[in-house]
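In: A predicted structure for the sequence below; I have some questions about it.
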Amino acid sequence: MTAMTKPQRNFRLESVQPKPEQAHTMPYAPAVHIVGACDLMFVSGVTPSPLYHLHPHIDSEHQHPVDIGVQTKRAMAGAKEVLDSVGATWSDVVKITKYLTDMRDADGMHAAMRPFFGDWKPASTMVCINQLSSPGARVELDMIVALPKKA
């Protein structure tokens, strides 16, 4: 499958909102229901570092600005590379786990993510940790993506 073609979905994604009148207060859905058949793709954690970088790490590949918005946009760009490679879009993301090294960055991270997801709010978990695998990174994101079943 190329990034240019996206097969028709034989499933739909529904945001689960136990209290729909309060949905506007949340930056994520409490749950996402996959209705019908699909394949799942698990996106490994992406940081502000280039998606492909050397291991063991070389410091020059991990120079990050301090700004959480810029770091988040870079991580989202890495995730978009993966989504594009299978013809998926942000609305196919059903679950995102967000790792921050400082919980005070949550609002800035959500603000930077909002333009990517638009009105779609996948299920979400946020965890504050001491350090990430990419030196200097303050955010890492992993995702579960629902893809149409291949015929």
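Out: Received it, and whenever you're ready, just let me know what you need.
In: quick one: secondary structure of Lys149?
Out: Taking DSSP: H, G, I helix; E, B strand; the rest coil as the rule, one finds Lys149 in the coil state.
In: longest helix in this protein, by residue count?
Out: helix 68-85 (DSSP state H).
In: And the residue nearest to Val127 when sequence neighbours are not counted, how far from Thr72?
Out: Nearest residue to Val127, sequence neighbours excluded (C-beta to C-beta, 6 or more residues apart in numbering): Tyr99, at 5.3 Å. No exception for glycine: its C-beta is placed from N, CA and C like everyone else's. As judged by C-beta to C-beta, to the nearest Å, Tyr99 and Thr72 stand 11 Å apart.
In: Report the set of residues contacting both of those two.
Out: Common neighbours of Tyr99 and Thr72, using C-beta atoms under 8 Å, 6 or more residues apart in numbering, are Val139, Leu141.
In: who has more neighbours, these two?
Out: Using other C-beta atoms under 10 Å as the criterion, Tyr99 and Thr72 rank with Thr72 on top: 24 against 20.
In: check contacts around the closest residue to the more buried one other than its chain neighbours.
Out: Using C-beta to C-beta, 6+ apart and skipping the chain neighbours, the partner closest in space to Thr72 is Ala112 (3.7 Å). By C-beta under 8 Å, 6+ apart, the contact set of Ala112 is Ile68, Gly69, Val70, Thr72, Lys73, Met76.
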